[in-house]
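S.K.: let's see this in three dimensions:
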Amino acid sequence: MDSHAPSYHRYRFPPPIISHAVWIYHRFCLSFRDAEDLLAQRGITISYETIRQWCLTFGPEYARTLRRRRSRLGDTWYLDELFVTIQGRRQYLWRAVDQDGDVIDILVQSRRDCRAAKRFFRKLLKGQGCAPRRLVTDKLRSYSAAHRAVMPSVVHSTRQYENNRAEVSHQPTRHREGQMRRFKSAAQAQRFLSVHGIVGNLFRVGRHLLRAAHHRMLRTRSFRVWQEVTCGC
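M.R.: The predicted structure is shown next:
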């Protein structure tokens, strides 16, 4: 058994069903009711509220374990911020991805000034344990100021269009924001998108770049890792 495996004590349904429900919700652009219907088609009768509780309880635990297991991400970081409207107020979702498109980390904040950029930089450094070789951002001045203060030795590029990789990584967030009819709070957005990004990293294997046999092999490996993380076997 994995020492980091979550505890399912006092839960009526077995771990494979719980982990499958969480995977369905975070892997695809579905509502809790959609997940309920998919499970019902397989003979599993459960309410969407139970699935919501499972996602709240186990989603962050799965994500933490996946972060511990993943290898070090790329040494080129692409940063960008996306505004989201939450309860009528504008919030900013800061996101960093590496050269392979894997999400490094996200942070929801109410501002996009120098202080907010520094906070995000420090969060990235703490999570990765080392500085990148290269940093790519847009021309927002907050990035330059935070770069000089937090990681001045790192090469910083702000060339036009070079940051498209980070901007494209916002698309799944926009899809989920629309499907969820906007996020209800900054904490909910932070919690959901943190899990959503980690699950996306695990199952995003660059299908268009691979032969079918290699894609199936990598997908099988991703399912095996998910099974080990969620069920401890």
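S.K.: can you give me the helices in the chain?
M.R.: Counting by DSSP state H, the chain has helices at residues 15-27, 32-41, 48-69, 114-128, 141-150, 164-168, 171-179, 186-203, 212-231.
S.K.: compare these and report which one is nearest to Gly88.
M.R.: Proximity to Gly88 (CB to CB) singles out helix 186-203 among the helices of the chain, at 12.6 Å. C-beta coordinates here come from the backbone N, C-alpha and C atoms, glycine included.
S.K.: excluding its backbone neighbours, what's nearest the residue nearest the centre of the chain?
M.R.: Closest to where the C-alpha atoms of the chain average out (CA atoms, centre = their mean) is Gly197, at 1.4 Å. Nearest residue to Gly197, sequence neighbours excluded (CB to CB, 6 or more residues apart in numbering): Val103, at 3.6 Å.
S.K.: what is the one you found paired to in the beta sheet?
M.R.: Val97 (DSSP bridges).
S.K.: enumerate every residue touching the closest residue to Leu193 other than its chain neighbours.
M.R.: Among residues not flanking Leu193 along the chain, Ile106 sits closest, at 5.3 Å (CB to CB, 6+ apart). For Ile106, the contacting residues are Leu93, Trp94, Arg95, Ala96, Gln190, Leu193, Ser194, Gly197, by CB atoms under 8 Å, 6 or more residues apart in numbering.
S.K.: now for those residues, which pair is the farthest apart?
M.R.: Ala96 and Gln190 (14.4 Å).
S.K.: report the contact partners of the residue of the chain most remote from its centre.
M.R.: Distance from the C-alpha centroid of the chain, by CA atoms, centre = their mean, peaks at Gly43 (30.0 Å). Listed by CB under 8 Å, 6+ apart, Gly43 has no contact partners.
S.K.: for it, grab phi and psi.
M.R.: phi 80, psi 20 (degrees, to the nearest 10).
S.K.: before we move on, the earlier item: out of the contacts of Ile106, which comes closest to His9?
M.R.: Ser194 (24.8 Å).
S.K.: hmm, that closest one is touching Pro60, no?
M.R.: Yes - between Ser194 and Pro60 there is a contact at 7.2 Å, judged by CB atoms under 8 Å.
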